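> Turn this into a structure:
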Amino acid sequence: MKESVFPDIDGAFTWYIATKDGLRGLRAAIQCGAVLSEDIGDELYGMTLSEWQDYLRRQTVKRGVFATLALFAACEGGIRRDFEWRATGEFGQTHAQRFRKLQLQAGDNAVPLNNILTGWIGAEGDKAWLRQRLLQLLTLFRQRNDLGWCPSL
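I've put the predicted structure just below:
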């Protein structure tokens, strides 16, 4: 089985779990005398329990944000691959004409994700359940930029 390139959904999940477990074991590793990188060792050396708990909380939140952004990237990649397949493939793919038009309008530029999703929503006039899911997806992608700003970090 070919290993996929990160970020993909499984890769983001595995990375998140591994780093979260690593954070949890970090304090025990320090107490056991493990050798750490200078950056981490200097940052953590002499922390009180309260400082450690605050550090752990901030780092856990940060990793959650990174993993969430990786999931968004993986989903956007899937949507863009599907769009490309429909826009440039042989005749017969659903919505091919609509997506081909979007691609031609963009020229050499990338088609904005919201244009792809909006076009897809418009094409699904008879499937209310799918339109609703696509609208939710569009809203989530519009909100993803807010994840980069987190004052508690």
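> which residue sits closest to residue 56, ignoring its sequence neighbours?
The shortest distance from residue 56 to any non-neighbouring residue, by CB to CB, 6 or more residues apart in numbering, is to residue 23 (6.0 Å). All C-beta atoms are positioned from the backbone trio N, CA, C, and that covers glycine.
> which residues touch the one you found?
Residues near residue 23 by CB atoms under 8 Å, 6 or more residues apart in numbering: 56, 59, 60, 63.
> ok, now residue 135?
Residue 135 makes contact with residue 121 under the criterion CB under 8 Å, 6+ apart.
> Same check on residue 98?
119, 122, 123.
> I figured residue 103 hits residue 88, correct?
Yes. Applying CB atoms under 8 Å as the test, residue 103 and residue 88 come out as touching, 7.3 Å apart.
> related to what we said a few turns ago, could the contacts of residue 98 go into a markdown table alongside pLDDT and neighbour count?
Shown next, in a markdown table, are the contacts of residue 98 (pLDDT from 0 to 100; neighbours: other CB atoms under 10 Å):
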| residue | pLDDT | neighbour count |
| --- | --- | --- |
| 119 | 87 | 18 |
| 122 | 84 | 12 |
| 123 | 81 | 17 |
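> So which of the residues you listed sit within helices?
Members of the contacts of residue 98 lying in helices (criterion: DSSP state H): 119, 122, 123.
> pLDDT score for residue 92?
Note for residue 92: predicted pLDDT of 66.
> ok so, going back, out of the ones in helices among the contacts of residue 98, which one sits closest to residue 29?
Of all those, residue 29 sits closest to residue 119, with 50.6 Å by CB to CB.
> what about the closest one, distance to residue 97?
11 Å (CB to CB, to the nearest Å).
> Which helix or strand in this protein has the lowest average pLDDT?
helix 38-44 (a mean of 69; mean pLDDT, DSSP states H and E).
> All good on my end, thank you.
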